[in-house]
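Asks: What follows is a predicted structure for the sequence shown.
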Amino acid sequence: MKKKALTLAVVSSVFITSCGELSKQVNPLPQIKQASPVAEYLYSLNRLNSNKDIYFPISENEGYLWDSGYEAYLNGKVSVSWQLYLSTDLKKICKAEGGKMVRIISPAEGFEEEEEITDDTIKIGDTCKTDKEKIFLIEDIIKGRRYYPSGAQASWQPIIIKIWHKDKVVGARTYSQMIKGNPEWKGKKATEIFGPDKISEVIWKMQGFKARYKSFVENIADIDNFGLRPDSWEMINDFASFCKANNGTLYINGRTLDEFFNYVVEEENLNYAGGQVFEGKYICKAENGFTALASLLPRMSRTSTSYPYKIIVKNQVEPVKRQQPITMKKANTTTSYQDEASDIALKVAESKSVYVEQKGSVSYIGYYNGKNGSCDLVSVKKKTGNQTDYILNYKVCNGKVERLPDTVLPAIPKLVKMKARGFAVACQRYGITEMNVNGFTLKCRPVRDYKECNVEVIYLENGRMLDREIINACNINVKTYGGKVK
C-alpha cells in the first residue's frame, strides 16, 4: 500500500494505516440513463468517496441510503443536520415526479389522515405519492450505537435509511462492485503491500511488538472515523482492492464482502461500537492470495477517531469456513411495520407486564405504557451492555403492531422533570396516576418498598415512552405542582 508520511511529533496521537489512496480503489460510476428522477438521484449516490449519502441496492425496488453525516449529541442537544439535507433532496425529487411527501398522523385511535410534510424531519412511513401511486417510501431508519470519541460531551452514531422505490435503479452496484483492484498491487505479494514502513516500526517499538518475521509481517491498519460508512473502512477496502487486482475473492470471517455488509446492517444493526465486528480472519482466495488476522488495539489518544488494528499477514491462503448468508428482510410498502422488536411489543401488549429478551449482545426490555382507546401502548428499550441506544415505541391494536417514532435521548425538558417531582408526591399521597405537562404525559405507579415512598414515573409524548425513573416521594417537600391532573 502507498505509505503515508508523518512527523514524529504526532506519532503519539495518530496511527499509521498502510493504506492506498481511496481514489485508486473505487470504480467510477458509469453513465447510465435512468427511467425517472428518483432512480437518477439514487444512482448518482451509488458510489464510495461521496460527500452525500451512499446508495446500496438490496433488490430491484429497495435499497439503503447510508448517510454521510452523523447524528451528534453535544452538551445535551441533538444535531440532526443529516435530516435537513436528505429531506430537502427527497422533497425535490418527489416534486420532480409530480408527487408530494406525506406522513400519516394519528392524534387518537380511529382518527388518521395524511398531511404534507413541511418540516425537515424524516420518519418511518414517510411517502412520496401522486394521486395514482406511491413513488417511494421510507421503510426504516437504522441507527447504530453511539460513539464517545472524546468523553461524554460529544457522541455520534451511524445512520441508514431503508428506502423502497417504484422504479428500478439500472446498473446499481453492490459494495464489492464499487471497489476496483489497485493496478499497482497486481502480481505483488501481500506481505510486500501490507508490511510495515519505518514510521510504523517506530510505533511498534513504542508498543513493544516485533514488525517482521521470515514468513509473515505485522503492521497497523485503520478503520477511520469509527467506521461510520464503508468508504472509511480503509483496512477492508485495502484488502478487497488487493484481492480484486489479483482476480480473487475476499472473505471476512467466512463471508464475502457483500455478505459481511449485510451482516453489519441486518444482524448487528450498525452496533459496531468498539470495533470488534471488524476483528477476525481475512482470506483472499487468489493465486497469490493471503490470510490476515486483525485484532483491535487500544487507541493511543483519547480524541482519536479511528479504530487501530494489529494485522498479521502471510502469503498462504487458508481454507475458508463459510458462514450462512444473511436473509434480507423483504420490502414492506404498507404503513404497518414489523421490525427487530415488534414481536416483543406484541408479547408485552398481551401480558401487560415487563418483558426482557436477549439477542446476541443486545438486550430488549419491553414496558407496558397503558391504553390509547382500544389499543395498547408499548415501549422497548434497546441496550448494548449498560448503554441505552434508544427506545422503540409501538401501538398494538387487535394483534397488529404499529411503529411510533423512536425516542432519541436526551429528550425531556428540565421543566417537565421538575414538575414530575410534585407529581410523584401527588401519586404517593393521593393516588393520582396521570398528569399532562406542556404536551407531555406523566404516568405513575407505586413501587412496593417498606416505607411505601417510592413511585415510578413514566414520561410519554404522543404515546412514545421517553423515560422512566423511580422517585422517592417522601424526600420531596412541595406544596403545589403544575399541569392538568386526571
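Replies: Cool, got the structure. Numbers count the residues shown, from 1 in each chain.
Asks: the helices in the stretch 251-400 of the chain, which residues?
Replies: When assigned using DSSP state H, counting those that start in this stretch, the helices of the stretch 251-400 of the chain occupy the ranges 257-262, 342-351.
Asks: that's a helix at residue 243, yeah?
Replies: Yes - under DSSP: H, G, I helix; E, B strand; the rest coil, residue 243 falls within a helix.
Asks: contacting residues for it?
Replies: 181, 249-250, 284-286, 289 (C-beta atoms under 8 Å, 6 or more residues apart in numbering). (Each C-beta comes from the backbone N, C-alpha and C, glycine too.)
Asks: hmm, which two among these are most spread apart?
Replies: 181 and 285 (14.4 Å; C-beta to C-beta).
Asks: would you say residue 422 is within a helix?
Replies: Yes - remark: residue 422 belongs to a helix, assigned using three-state DSSP.
Asks: Tell me, how many residues neighbour it?
Replies: The tally of other residues near residue 422 (other C-beta atoms under 10 Å) stands at 19.
Asks: Surely it and residue 476 touch.
Replies: Yes - applying C-beta atoms under 8 Å, one finds residue 422 in contact with residue 476, separated by 7.4 Å.
Asks: looking only at pLDDT, what's the mean for stretch 420-429?
Replies: In this model, stretch 420-429 has an average pLDDT of 88.
Asks: buried sites along that stretch?
Replies: 420-428 (16 or more other C-beta atoms under 10 Å).
Asks: Between the residues you listed, which sits nearest residue 115?
Replies: Checking these against residue 115 by C-beta to C-beta gives residue 420 as the nearest, at 31.2 Å.
Asks: got the contact list for the residue nearest to the closest one when sequence neighbours are not counted?
Replies: Distances taken as C-beta to C-beta, 6 or more residues apart in numbering place residue 457 nearest to residue 420, at 5.1 Å, with adjacent residues excluded. Contacts for residue 457 were tallied using C-beta under 8 Å, 6+ apart; they are 420, 423-424, 427, 442-444, 468-469, 471.
Asks: 6 Å instead, please
Replies: Taking C-beta atoms under 6 Å, 6 or more residues apart in numbering as the contact definition, residue 457 lies against 420, 424, 442, 444, 469, 471.
Asks: Out of the residues you listed, which comes closest to residue 99?
Replies: For those, the minimum distance to residue 99 (C-beta to C-beta) is 40.0 Å, reached by residue 442.
Asks: which one of the helices of the stretch 251-400 of the chain is the most hemmed in?
Replies: With neighbours defined by mean count of other C-beta atoms under 10 Å, none of those is more surrounded on average than helix 257-262, at a mean of 21.
Asks: Return the distance of that one from the chain's centre.
Replies: 15 Å (C-alpha atoms, centre = their mean, to the nearest Å).
Asks: Using CSV, write out the CA atom coordinates for it.
Replies: Taking Å, rounded to 0.1, in the frame of the first residue of the first chain, the C-alpha atoms of helix 257-262 are listed here in CSV:
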residue,chain,number,x,y,z
LEU,A,257,-17.6,-8.6,1.2
ASP,A,258,-21.3,-8.1,0.4
GLU,A,259,-22.4,-10.8,2.9
PHE,A,260,-20.3,-9.0,5.5
PHE,A,261,-22.0,-5.7,4.6
ASN,A,262,-25.4,-7.3,5.1
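Asks: Would you mind listing where the stretch 51-200 of the chain has pLDDT under the threshold?
Replies: Segments of the stretch 51-200 of the chain classed as low confidence (criterion: pLDDT under 70) are 68-82, 106-112, 146-156, 196-200.
Asks: switch the cut-off to 50
Replies: 150-153, 198-199 (pLDDT under 50).
Asks: what about the strands in it?
Replies: 54-59, 62-66, 72-74, 77-79, 100-108, 111-116, 127-129, 134-143, 154-155, 159-165 (DSSP state E, counting those that start in this stretch).
Asks: and if you look at the stretch 201-350 of the chain?
Replies: Going by DSSP E, counting those that start in this stretch, the stretch 201-350 of the chain shows strands at 216-224, 249-252, 255-256, 280-285, 290-296, 306-314.
Asks: Could I get the buried residue list for the fifth one?
Replies: This means strand 290-296. Going through strand 290-296 with 16+ other C-beta under 10 Å, the ones that come out buried are 290-294, 296.
Asks: can you put these in TSV and add pLDDT?
Replies: Written out in TSV, the entries for the buried residues of strand 290-296 read as follows (pLDDT from 0 to 100):
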residue	pLDDT
290	96
291	95
292	94
293	94
294	92
296	86
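Asks: Adding distance to residue 363, write those out as CSV.
Replies: Written out in CSV, the entries for those read as follows (distance: C-beta to C-beta, whole Å):
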residue, distance to residue 363
290, 38
291, 35
292, 33
293, 30
294, 27
296, 23
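Asks: and which of those is nearest to residue 227?
Replies: Distance to residue 227 across the buried residues of strand 290-296 (C-beta to C-beta) is lowest for residue 296, with 11.6 Å.
Asks: Tell me the spacing between that closest one and residue 250.
Replies: Applying C-beta to C-beta, to the nearest Å, the value for residue 296 to residue 250 is 19 Å.
Asks: what do you get for residue 366?
Replies: Counting by C-beta to C-beta, the gap from residue 366 to residue 250 is 40 Å.
Asks: and residue 298, how far is that from residue 223?
Replies: Counting by C-beta to C-beta, the gap from residue 298 to residue 223 is 14 Å.
Asks: Which one of those two is surrounded by more residues?
Replies: Taking other C-beta under 10 Å, residue 298 and residue 223 do not tie; residue 223 has more neighbours (24 against 7).
Asks: Please verify my assumption that that one contacts residue 277.
Replies: No - when contacts are counted by C-beta atoms under 6 Å, residue 223 is not listed as touching residue 277 (9.6 Å).
Asks: ok, so of the contacts of residue 457, who is nearest residue 126?
Replies: The closest of the contacts of residue 457 to residue 126 turns out to be residue 442 (C-beta to C-beta; 29.3 Å).
Asks: Quick check: the closest one is in a strand.
Replies: Yes - applying three-state DSSP, one finds residue 442 inside a strand.
Asks: can you put the contacts of residue 457 in CSV and add distance to residue 123?
Replies: Output for the contacts of residue 457, formatted as CSV (distance: C-beta to C-beta, whole Å):
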residue, distance to residue 123
420, 27
424, 32
442, 24
444, 29
469, 27
471, 32
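Asks: Lovely, talk soon.
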